[in-house]
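A.B. asks: Mind looking at a prediction? Sequence and model below.
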Amino acid sequence: MSVVDLAQFMDDLAARSGEAILPFFRAHFGLDDKSGAGAPFDPVTEADRAAEVVLRNLIRATFPDHGILGEEFGSERLDAECVWVLDPIDGTRAFIAGLPTWGTLIGLTHHGRAVRGVMSQPFLGERFVGDGATATLHGPRGPRRLRTRRCGGLGEAILSTTDPRLFAEGEEQDRFRSVEAEVRLSRYGADCYAYCMVAAGQIDLVIESGLKPYDIVALIPVVEGAGGVVTAWDGGPATEGGRIVAAGDPRLHETVLRRLNP
C-alpha cells in the first residue's frame, strides 16, 4: 500500500472503532475487573472488547502478514516486519466516569520502531495523527498542523501524569516529585490525551511509569511528528513501555532526564 492508502486505512480503523465504542459511552454497560485479588482496580468494558475485535478483523483482512499486539486479546505474529499495537480505550477509568479524556490508540511499528500513530477521540470528533515527521489534528474545525511549544525550563512547564500513584514508593516516586516540585502547573488523569496536548503545544511534559507498549506506541509518532521527544527514563526507546518521559521541547527533555537519572 502507498503512504496515502495507509493513512486512509488508519483513518478507517479509527472511524470503525469509534462506531463500536460510542453506543457505550455515558450509557449502562458491562464492566469487569482484570486485576487480581488485592490489586488496584483495572477495569475493562464491553466497549474495549468490541472495538478491539473490529480493529483486529480489519487489520487481518487487509494485512494478513502483519502482527498485532492488543490490550484485550493478546498478540499474534510479533516477529512480523510490521506490527499493529492497539489500545481500544486508553483511559478506561475516564470512560466509565463519563469523562472525554480517553481515546483509541492505533500504532504501527516497522522492525520494532513506531512509525505511525493515531489517537482517536470519537466523542469529541478529534483524531491526532502522526508519522514521526509531521503531526496533524483532524477535528470539528478542520485539519490543523500540530507543533509543540518552546519551554526551556521546569519553572515554565505544565506537567501531566495519569496518576501520581503510578510511581513506586521510594526512589521512583521521589524522582518524580523532585521534577513536579519545580513545574509551574501539574495536572492528573488525562491518560493518552496528555500526550496529544504536548503535540498541540498545550502541555510541556508527561512523566509516567508502568506503561505497556499499547499505552505508548501510537503516541510516539504524534509527539515526535510535532517536534517533541519521547523516551524511557534512561533515554532509550519508549516502544516497550515502562517508565516514560514525553516533552515538547528537547531542552526540557534533557533537563528532566538528568533529574530522573541523578
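C.D. replies: Sure, I can see it.

A.B. asks: Residue 138 contacts residue 122, correct?
C.D. replies: No - the criterion here is CB atoms under 8 Å, and residue 138 misses it with residue 122 at 11.7 Å. Backbone N, C-alpha and C define where each C-beta goes, glycine included.

A.B. asks: and these two? which has more neighbours close in?
C.D. replies: Neighbours per residue (other CB atoms under 10 Å) separate residue 138 from residue 122, with residue 122 holding more: 21 against 17.

A.B. asks: Wait, residue 25 touches residue 47, no?
C.D. replies: Yes - counting by CB under 8 Å, a contact exists between residue 25 and residue 47, whose distance comes to 7.2 Å.

A.B. asks: Find the residues that touch each one of these two.
C.D. replies: Taking CB atoms under 8 Å, 6 or more residues apart in numbering as the criterion, residue 25 and residue 47 both touch residue 95.

A.B. asks: the more surrounded of the two?
C.D. replies: The residue with more neighbours, out of residue 25 and residue 47, is residue 47; 26 against 19, by other CB under 10 Å.

A.B. asks: Please parse the protein into its domains.
C.D. replies: 3-145, 154-260 (automatic domain parsing).

A.B. asks: So for stretch 88-98, what gets flagged as buried?
C.D. replies: 88-96 (16 or more other CB atoms under 10 Å).

A.B. asks: How about stretch 218-238?
C.D. replies: Along stretch 218-238, these residues count as buried under the neighbour rule (16+ other CB under 10 Å): 218-233, 238.

A.B. asks: same thing with stretch 252-262?
C.D. replies: Per 16+ other CB under 10 Å, stretch 252-262 contains these buried residues: 252-253, 255-257, 259-260.

A.B. asks: With pLDDT and distance to residue 11 added, can I get the residues you listed in CSV?
C.D. replies: Formatted as CSV, the buried residues of stretch 252-262 follow (pLDDT from 0 to 100; distance: CB to CB, whole Å):
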residue, pLDDT, distance to residue 11
252, 98, 32
253, 98, 30
255, 97, 36
256, 98, 33
257, 97, 34
259, 94, 39
260, 95, 36
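
A.B. asks: So which of those sit within strands?
C.D. replies: Secondary structure from DSSP state E places none of the buried residues of stretch 252-262 in strands.

A.B. asks: which one of the residues you listed is nearest residue 59?
C.D. replies: Closest approach to residue 59 among the buried residues of stretch 252-262 (CB to CB): residue 253, at 32.2 Å.

A.B. asks: The closest residue to that closest one other than its chain neighbours - how many residues pack around it?
C.D. replies: Nearest residue to residue 253, sequence neighbours excluded (CB to CB, 6 or more residues apart in numbering): residue 247, at 3.7 Å. By other CB under 10 Å, 27 other residues sit near residue 247.
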